[in-house]
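Enquirer: Predicted model, plus sequence, below.
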Amino acid sequence: MRELSDWSGFTDQQETNKNLARDWLVNQRKEIWRCAEGQKKCEGGEGWSVSNRSQRYEQLKDESLNAGTCRRVCQLPTNGNTAAEKAQLSEREMWWLVQSVDDATKSWRQFNADYCTSTRKKIYSLAEQTTWDAVDRKARWNNFCIATKTGKPYQNWDATHDDKGNSTSKPSGGTAGQDTSSRGKAVARAKSYIGVAENPHGSNRGSPQPSGWQRRVIGADGYAWCACFACCMAWDAGVKGAGSAGVVVCMDMAQRAVGMFRGYTTDPAKVMRGDFAIVGCKTCHIELCIDNDDPYHTIGGNTSSGTGGSQYNGGGVYERHRGHSEVIGWCLVDYPG
């Protein structure tokens, strides 16, 4: 809940639940200390080695509560949804496989489930009374069907995803190594650079790469280079037209369908391998999509190899599986053929 708290759609009810959860964790840390020190009678008796008390006490310190990252148990689609809807769908990701343990958490989970169900019904009712073409109603309704495990949209999604929301489908047209199309070539080339990193670290430089990619795009190096990497992978696969080192510029060009871009979308169904994913925010980061069936499966330049470290200035080329809530849209690249 803390991770979602700065989202524009975060509600007062979610803020209340976040604070209540934190208060419970703070009090639980005190309770662990009392049991370990023999200040009260507890199951297992006193002592820090009982029931992992030492590790639990350390995990619940203020620094961990303030800086810990959420381990979501599922990734659900949120493309096209409003800010408030995205906040509730992303909370739903955290409840997906969690078994509530007390009345308070059960009530929070039920409130979130009721919101998702009622919103799904409202979207359907409005669409049937007026039109499905307005304000991304089809995508929003589909996403709430998936989140509430309802109907054909959920059945279709469930058939191609595991219980954590990861795609289980094989990429169309074979693997990137077998795919001789221009898109396959872009992905294969990107994979060949996995592990390339700045030298020295944090300099946004390195010979021959990433300095070479930057010079091709902007004529100099020492700058953030995620877009330079993506553009060069596309150019090397035969794409024509201008790109940019600026994420926001690439996004603007795609929305106007100029340069190397044929369009822009927030619909993951319209994305193919070789297109660019906008990660985090429109000025933050851009990565190359590498899977026709999973537009959140990417290779990014200037990122980190995992969830630790900077995602937008991490200094290396790495393969990633981005969460659905991380990607705000895709720049569609105009590949030959």
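Expert: In hand now; what should we look at? Since we're looking at a predicted model, the values are computed, not measured.
Enquirer: Tell me the buried residues in stretch 145-159?
Expert: 145-148, 150, 153-154, 157 (16 or more other C-beta atoms under 10 Å). From N, CA and C alone the C-beta is placed, and that goes for glycine too.
Enquirer: what's the answer for stretch 115-122, then?
Expert: Buried, per 16+ other C-beta under 10 Å, within stretch 115-122: 115-116, 119-120.
Enquirer: Out of those, flag the one nearest to residue 309.
Expert: Comparing those against residue 309 with C-beta to C-beta places residue 116 closest, at 33.0 Å.
Enquirer: Doesn't residue 329 belong to a helix?
Expert: No: counting by DSSP: H, G, I helix; E, B strand; the rest coil, residue 329 falls outside a helix, being strand.
Enquirer: how about it, what does it touch?
Expert: 251, 264-266, 277-278, 282 (C-beta atoms under 8 Å, 6 or more residues apart in numbering).
Enquirer: Name the nearest of the buried residues of stretch 115-122 relative to residue 226.
Expert: Nearest member of these to residue 226, counting by C-beta to C-beta, is residue 116, at 33.5 Å.
Enquirer: Which residue ranges make up the domains of this structure?
Expert: Domain segmentation of the chain under automatic domain parsing yields 12-159, 182-333.
Enquirer: Compute the first-to-last residue distance for the shortest one.
Expert: Translated: domain 12-159. Using C-alpha to C-alpha, to the nearest Å, the end-to-end distance of domain 12-159 comes out at 36 Å.
Enquirer: Can you give the contact residues for stretch 321-328?
Expert: So stretch 321-328 is in contact with 72, 75-79, 86, 89-90, 93, 165-166, 266, 277-282, 287, 294-298, going by C-beta under 8 Å, 6+ apart.
Enquirer: from the middle of its chain, how far away would it be?
Expert: 2 Å (C-alpha atoms, centre = their mean, to the nearest Å).
Enquirer: May I see the buried residues of it?
Expert: In stretch 321-328, counting by 16+ other C-beta under 10 Å, buried: 322-328.
Enquirer: which of those residues sit farthest apart?
Expert: Across the buried residues of stretch 321-328 (C-beta to C-beta), the longest gap, 11.7 Å, separates 323 and 328.
Enquirer: Can you list the residue ranges for helices in the stretch 201-337 of the chain?
Expert: Using DSSP state H, counting those that start in this stretch, the helices assigned to the stretch 201-337 of the chain run over residues 211-218, 226-235, 247-256.
Enquirer: Now do the last one and helix 226-235, the angle between them.
Expert: Using axes from the mean of the first three to the mean of the last three C-alpha atoms, to 10 degrees, the direction of helix 247-256 lies 50 degrees away from that of helix 226-235.
Enquirer: by contact count, what packs against helix 247-256?
Expert: Here helix 247-256 touches helix 226-235, strand 261-265, strand 276-279, strand 285-289, strand 327-333, going by 3 or more C-beta pairs under 8 Å, 6 or more residues apart in numbering; DSSP states H and E.
Enquirer: Check the ones you listed for me: which has the lowest mean pLDDT.
Expert: Lowest mean pLDDT within these: strand 261-265, a mean of 89.
Enquirer: Now do that strand: distance to the chain's middle.
Expert: 20 Å.
Enquirer: What of stretch 89-98?
Expert: On C-alpha atoms, centre = their mean, the centre of stretch 89-98 falls 14 Å from the chain's centre.
Enquirer: Just the C-alpha atoms of it, please, in CSV.
Expert: C-alpha atoms of stretch 89-98 as CSV (Å, rounded to 0.1, in the frame of the first residue of the first chain):
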residue,chain,number,x,y,z
LEU,A,89,-6.2,-3.1,-9.7
SER,A,90,-2.7,-2.8,-8.4
GLU,A,91,-3.9,-3.4,-4.9
ARG,A,92,-5.8,-6.4,-6.2
GLU,A,93,-2.4,-7.8,-7.4
MET,A,94,-1.3,-8.0,-3.8
TRP,A,95,-4.4,-9.8,-2.7
TRP,A,96,-4.4,-12.3,-5.6
LEU,A,97,-3.0,-15.3,-3.8
VAL,A,98,-2.9,-14.0,-0.2
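Enquirer: Any buried residues in it, and which?
Expert: In stretch 89-98, the ones that count as buried by 16+ other C-beta under 10 Å are 89-96.
Enquirer: what's it in contact with?
Expert: Stretch 89-98 is contacted from outside by 1, 4, 7, 14, 70, 72-76, 78, 81, 109, 112-113, 116, 143-144, 147, 163-165, 325, using C-beta under 8 Å, 6+ apart.
Enquirer: and the longest helix along the chain, what other elements does it pack with?
Expert: Secondary structure assigned by DSSP state H gives helix 103-129 as the longest helix of the chain. On a contact count with 3+ C-beta pairs under 8 Å, 6+ apart, helix 103-129 meets helix 12-36, helix 83-95, helix 137-147.
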